[in-house]
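Novice: Build me a model:
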Amino acid sequence: MTKQASFGQQPALSEGSTNGGGPTGAERAWVRDLADGQVVEAVFGVRERELRQRRNGGQWLRLVICDRSGTVEAVVWEGVEESFEAAAPGSAVHINGRFGVHTQYGPKITVETIRRARPDEFEGADLADGPNVPVERLEADLRELLETVQNPQLRELLDRFFDGGSPVWVRFQEAPAAKYYHQAYRHGLLDHTVSVAQAVSASASAFTGVDRDIAVTGALLHDIGKTMAYNDDPLGIDLTDAGRLQGEIPLGYYLVRREIERIDGFDPEMAQAIFHIVLSHHGTLENGSPVIPATREATLVHAIDNLGGKLGSFDRIERTLPDGEAWSRFDRGIDSAAYFRSRAA
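Specialist: Below is the predicted model of the structure:
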């Protein structure tokens, strides 16, 4: 029976898997559990592919491969041309090789053979990460938040994006929230947006002077540009041409402004408040915002968005830690190593 490549909510790693191209009946070795010197025979997704020059003038191939437990670098020294053709980003490949941890270059798999994986050799859910919460629950939570927005103009604006028939909604529910650091998986944008908007909603009443409807609307729309900035490949997440050339914040501003201009009589002060949240939500010019938060609502959305991204990085880091490990390596997503008390002996 052919196994379908499904990339939805992920089962727990402890459930194991008996596929992956290894010995019949053997449980596959997950990326996070690879040990120095271990022989590797399994199916992985290809995240990145790059030809590099050797000192002798030849070429070698650098890959970033993944399963749902994490990513690892892989290198190919022989048969580079054939391996390059087999390992297109977003594809599933069967790899034979050996995992090693170099004191200078870090962990990587040295590939001996690589080929395109057959459909019956893997489950899509084994290769791509996904949200811990069922997608149906995330959508229900989003629609519950929409119902709490009382301002009719803001409700109409939100409906233009999140109505079931909206083309933006079709893409929004599938899109990742990032390429790597947090919620970098199918449905990641939905996962991230719901968590940020829920936290903004809960926090708005704790601070005087915050317009809750504007803050929640801004939270729901702050990352809407990612529907255009990222591709739709759950294994090979990358920026689109529009994402590279324009950036997700300008794209989001464009999408929101376009819809507001289509709503007759939309309050210009309220429109400016929403634009400002979208444009300032990264917080600083160095982080890509063309303006710095200058309103209570924008400051709240930025703070919660930043918190959500960092906590999402903790989720990613913990999933990649081998069993029994409490400390991670230094991670750029949090500018620190991460410690997980529940894992400490």
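Novice: Would you map the helices across the stretch 1-150 of the chain?
Specialist: 80-86, 124-127, 135-148 (DSSP state H, counting those that start in this stretch).
Novice: Need the winner for burial among those.
Specialist: When the helices of the stretch 1-150 of the chain are scored by mean count of other C-beta atoms under 10 Å, the highest mean neighbour count falls to helix 124-127 (a mean of 22). All C-beta spots, glycine's among them, are computed from the backbone N, C-alpha and C.
Novice: Convert that one to CSV, retaining C-alpha atoms only.
Specialist: Provided in CSV are the C-alpha atoms of helix 124-127 (Å, rounded to 0.1, in the frame of the first residue of the first chain):
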residue,chain,number,x,y,z
GLY,A,124,5.2,12.7,4.9
ALA,A,125,4.4,13.3,8.6
ASP,A,126,7.8,11.8,9.4
LEU,A,127,9.7,14.4,7.4
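Novice: Which elements pack onto that helix?
Specialist: strand 39-53, strand 59-67 (3 or more C-beta pairs under 8 Å, 6 or more residues apart in numbering; DSSP states H and E).
Novice: Nearest residue to residue 89 in space, ignoring adjacent ones along the chain?
Specialist: residue 236 (3.6 Å; C-beta to C-beta, 6 or more residues apart in numbering).
Novice: buried sites along stretch 167-187?
Specialist: 168-169, 171-179, 181-187 (16 or more other C-beta atoms under 10 Å).
Novice: just to revisit the earlier point, format the helices and strands packed on helix 124-127 as CSV; extra columns: distance to residue 154.
Specialist: As requested, those are exported to CSV (distance: least, C-beta to C-beta, whole Å):
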stretch, distance to residue 154
strand 39-53, 38
strand 59-67, 39
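Novice: of these, which approaches residue 194 most closely?
Specialist: strand 59-67 (24.4 Å; C-beta to C-beta).
Novice: rewinding a little: return the member of the helices of the stretch 1-150 of the chain having the minimum mean pLDDT.
Specialist: When the helices of the stretch 1-150 of the chain are ranked by mean pLDDT, helix 124-127 comes last with a mean of 79.
Novice: Residue 153 is in what secondary structure piece?
Specialist: Secondary structure from DSSP states H and E places residue 153 in helix 152-162.
Novice: average model confidence for that helix?
Specialist: Mean predicted confidence for helix 152-162 is 97.
Novice: and residue 117, what does it touch?
Specialist: 21, 43, 91, 92, 93, 94 (C-beta atoms under 8 Å, 6 or more residues apart in numbering).
Novice: Throw those residues into CSV and include distance to residue 199 and neighbour count, thanks.
Specialist: As requested, those are exported to CSV (distance: C-beta to C-beta, whole Å; neighbours: other C-beta atoms under 10 Å):
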residue, distance to residue 199, neighbour count
21, 42, 20
43, 37, 24
91, 37, 16
92, 36, 24
93, 39, 24
94, 42, 20
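Novice: Give me the distance from the helix holding residue 153 to the chain's centre.
Specialist: 26 Å (C-alpha atoms, centre = their mean, to the nearest Å).
Novice: Contacts made by the following helix or strand past that helix with the rest, please.
Specialist: Next helix or strand after helix 152-162 toward the C-terminus (DSSP H and E): helix 167-172. The contact list for helix 167-172 (C-beta under 8 Å, 6+ apart) reads 160, 161, 162, 163, 189, 190, 193, 224, 227, 228, 232, 255.
Novice: Give me the buried subset of these.
Specialist: Applying 16+ other C-beta under 10 Å to the contacts of helix 167-172 flags 160, 161, 162, 189, 190, 193, 224, 227, 228, 255 as buried.
Novice: Give the full set of residues in contact with the fourth one.
Specialist: I take that to be residue 189. 172, 173, 175, 176, 177, 183, 223, 226, 227.
Novice: if you look at those residues, which of them are in strands?
Specialist: Assigned to strands by DSSP state E, none of the contacts of residue 189 qualify.
Novice: Residue ranges in this structure under the pLDDT threshold?
Specialist: Low-confidence segments of the chain, defined by pLDDT under 70: 1-27, 181-182, 320, 344-345.
Novice: among the contacts of residue 189, which two are most distant?
Specialist: 183 and 227 (14.0 Å).
Novice: Dump the contacts of residue 189 to TSV, plus distance to residue 297.
Specialist: Listed next are the contacts of residue 189 as TSV, based on distance: C-beta to C-beta, whole Å:
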residue	distance to residue 297
172	21
173	25
175	24
176	26
177	21
183	23
223	16
226	20
227	22
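Novice: Summarise which helices and strands the lengthiest helix in the chain is packed against.
Specialist: The residue-count maximum for a helix in the chain (DSSP state H) belongs to helix 296-320. On a contact count with 3+ C-beta pairs under 8 Å, 6+ apart, helix 296-320 meets strand 70-76, helix 188-204, helix 212-221, helix 268-280, strand 327-331, strand 336-339.
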